[in-house]
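Trainee: Here is a sequence together with a model predicted from it:
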Amino acid sequence: MPFPGTWMTESESMIYRVVPKCACSTIGQIMFYSDHGHYYDGDIHDATSGIHKWALDRSQPILERGVTARETYTFTCVRNPYSRVLSSFFDKICGIQRNGKRYRGNLVPMLTKRYGIEVEGDFDQIASFRRFLLFVRDTIRFRKPMDPDIHWSACSGHVSTLIRNGGRYNLIFPTERFNDGMKEVLANTQHAYDIDIDTMPRFNESEGHGPKRLHPVEDYFDDLSNHLMQEIYRRDFNLFKYAKEPYAGPPVREMDLDEIHAKLNG
């Protein structure tokens, strides 16, 4: 059974389902530190030792056993759809990646040609983002002109793979309440090294890749783009209890783990 995007500490103290653009770099570093007493030197996504990942062949049988046995504390983290898709735009579309190149090579030129998206110089951030959102809708609804990318595909899709293949989450928490969520994870797991969540550094590996966002989150969404958001991320809004109006805040109601498992197990 496949468990893509699943990480586990080498000590097998905790299992985490990675959801892109939802504090995954910081969470991975916390897991690494909890075993080794220091942070990974570099982007934790590049680590090939010191942590189990489904992408590493030698880790797969260990992860499969851990997930399906349901004895290891298992968690993930989600994010407000409005701020998450904006983050994807500024990082992956407007930004230069850590390899010095544009994300996915010819993606930005294609977006410029087909959708009129501008990312150079003093461009209109709001207009370009709204055109990007049309592209996101096309990838998710019609799988054209490409399949949806992991950075803007719905959180619920990432979360569901572990459930459908026999796993169960002990906790799903929002990035907007990150400290409380990670404290709950650490309070329910045993680890060799303690971490002070309130004072530890944050590992935002995408920070600085793209231009600074110039406007409040709400300004990027007009009636049409908000309608597209409901179409694209309906399940995220419903399951993770975010308000269906442009803002960057936390869920407006408590998540129901039983509901999430039931509805994502299909």
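Mentor: Perfect, thanks for sending it. Numbering: from 1, shown residues only.

Trainee: burial count for Gly249?
Mentor: The number of residues packed near Gly249 is 13, by other CB atoms under 10 Å. (Each C-beta comes from the backbone N, C-alpha and C, glycine too.)

Trainee: In three-state terms, label the spatially closest residue to it that is not a sequence neighbour for me.
Mentor: The shortest distance from Gly249 to any non-neighbouring residue, by CB to CB, 6 or more residues apart in numbering, is to Glu176 (6.1 Å). Following DSSP: H, G, I helix; E, B strand; the rest coil, the label given to Glu176 is helix.

Trainee: close enough to count as contact, Glu176 and Tyr247?
Mentor: No - counting by CB atoms under 8 Å, Glu176 sits too far from Tyr247 to count as a contact (10.3 Å).

Trainee: Please identify every residue contacting each of those two.
Mentor: Asn80 (CB atoms under 8 Å, 6 or more residues apart in numbering).

Trainee: Pull out the buried positions in stretch 51-71.
Mentor: Ile51, His52, Lys53, Trp54, Ser59, Gln60, Leu63, Glu64, Gly66, Val67 (16 or more other CB atoms under 10 Å).

Trainee: For the residue lying closest to Arg202 once chain neighbours are set aside, what is the enclosing helix or strand?
Mentor: With sequence-adjacent residues excluded and distances taken as CB to CB, 6+ apart, Arg202 is closest to Thr26, at 5.3 Å. Here Thr26 sits within helix 24-36, counting by DSSP states H and E.

Trainee: for the following helix or strand past that helix, packing partners?
Mentor: Using DSSP H and E, the helix or strand that follows helix 24-36 towards the C-terminus is strand 51-53. Contacts defined by 3 or more CB pairs under 8 Å, 6 or more residues apart in numbering; DSSP states H and E place strand 51-53 against strand 6-9, helix 24-36, helix 60-69.

Trainee: From the structure, what's the count of residues near Lys113?
Mentor: Around Lys113 there are 10 residues (other CB under 10 Å).

Trainee: Can you tell me how far it is from Pro4?
Mentor: 31 Å (CB to CB, to the nearest Å).

Trainee: Gly210 now?
Mentor: 26 Å.

Trainee: between these two, who's got more neighbours?
Mentor: Gly210 (19 against 14).

Trainee: check contacts around that one.
Mentor: Applying CB under 8 Å, 6+ apart, the residues near Gly210 are Phe90, Asp91, Ile93, Cys94, Gly95, Ile96.

Trainee: what's the answer for Ile232, then?
Mentor: Per CB under 8 Å, 6+ apart, neighbours of Ile232: Pro81, Val85, Leu133, Val136, Arg137, Ile140, Arg141, Ala154.

Trainee: What about those residues, which one has the most neighbours?
Mentor: That'd be Val85 among those, by other CB under 10 Å, with 25 neighbours.

Trainee: how about that residue, what does it touch?
Mentor: Per CB under 8 Å, 6+ apart, neighbours of Val85: Leu133, Val136, Trp152, Met229, Ile232, Tyr233.

Trainee: that older thread, list the contacts of the residue nearest to Arg202.
Mentor: Phe178, Arg202, Phe203, Asn204.

Trainee: Show residues contacting the helix or strand hosting Ala127.
Mentor: Per DSSP H and E: Ala127 is located in helix 125-137. Residues outside helix 125-137 that contact it (CB under 8 Å, 6+ apart) are 85-86, 89, 93-94, 111, 114-119, 145, 148, 152, 211, 213-215, 219-222, 224-225, 228-229, 231-232.
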